[in-house]
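K.L.:
structure for this input, please:
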Amino acid sequence: MKETLTLNSAFTGLKSGLVCSLQPTSDKTAAVTLNGNGIGAKAIRKFDSTGEVALASGDLQSGNFYLLVYDRNSNS
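P.N.:
You can find the predicted model right below:
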């Protein structure tokens, strides 16, 4: 699933530490990418006890808020 995001900031590149919030309008049942300001789609991933992993069905649910932090080393 793809999410396109227009941010209040007019940045033109991704930098480690960039933070944004997301409130999905529907439950996500597959891998999700986020394209902020048209810079290019990046996978939204999570950390669990084994390290960095892809999202599972139901990880992002409609109406909830999620804080996303970009890490160039983790999402290249």
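K.L.:
skipping its backbone neighbours, what lies nearest residue 45 in space?
P.N.:
Nearest-residue entry for residue 45: residue 52, 5.5 Å, with adjacent residues in sequence omitted and distances by C-beta to C-beta, 6 or more residues apart in numbering. From N, CA and C alone the C-beta is placed, and that goes for glycine too.
K.L.:
residues in contact with that neighbour?
P.N.:
The contact partners of residue 52, by C-beta atoms under 8 Å, 6 or more residues apart in numbering, come to 45-46, 74.
K.L.:
out of these, which is nearest to residue 10?
P.N.:
The nearest member of those to residue 10, counting by C-beta to C-beta, is residue 74 at 24.7 Å.
K.L.:
helix or strand for the closest one, which one?
P.N.:
Assigning secondary structure by DSSP states H and E places residue 74 outside every helix and strand.
K.L.:
just the pLDDT for it.
P.N.:
According to the prediction, residue 74 has pLDDT 78.
K.L.:
next one: residue 8
P.N.:
Note on residue 8: pLDDT of 72.
K.L.:
what's the answer for residue 28, then?
P.N.:
So, for residue 28, pLDDT stands at 88.
K.L.:
the residue nearest to residue 45: helix or strand, and which one exactly?
P.N.:
Per DSSP H and E: strand 51-54 holds residue 52.
K.L.:
equivalent analysis for residue 62, please.
P.N.:
If you go by DSSP H and E, residue 62 is not part of any helix or strand.
K.L.:
from residue 56, how far out is it?
P.N.:
Distance from residue 62 to residue 56, counting by C-beta to C-beta, to the nearest Å: 16 Å.
K.L.:
check residue 19 too.
P.N.:
For residue 19, the distance to residue 56 - C-beta to C-beta - is 23 Å.
K.L.:
more crowded one of the two?
P.N.:
Neighbour count, other C-beta atoms under 10 Å: between residue 19 and residue 56, residue 56 has more, with 13 against 8.
K.L.:
and the strands in this structure, which stretches?
P.N.:
Secondary structure of the chain (DSSP state E): strands at 2-5, 19-22, 33-36, 42-43, 45-48, 51-54, 66-69.
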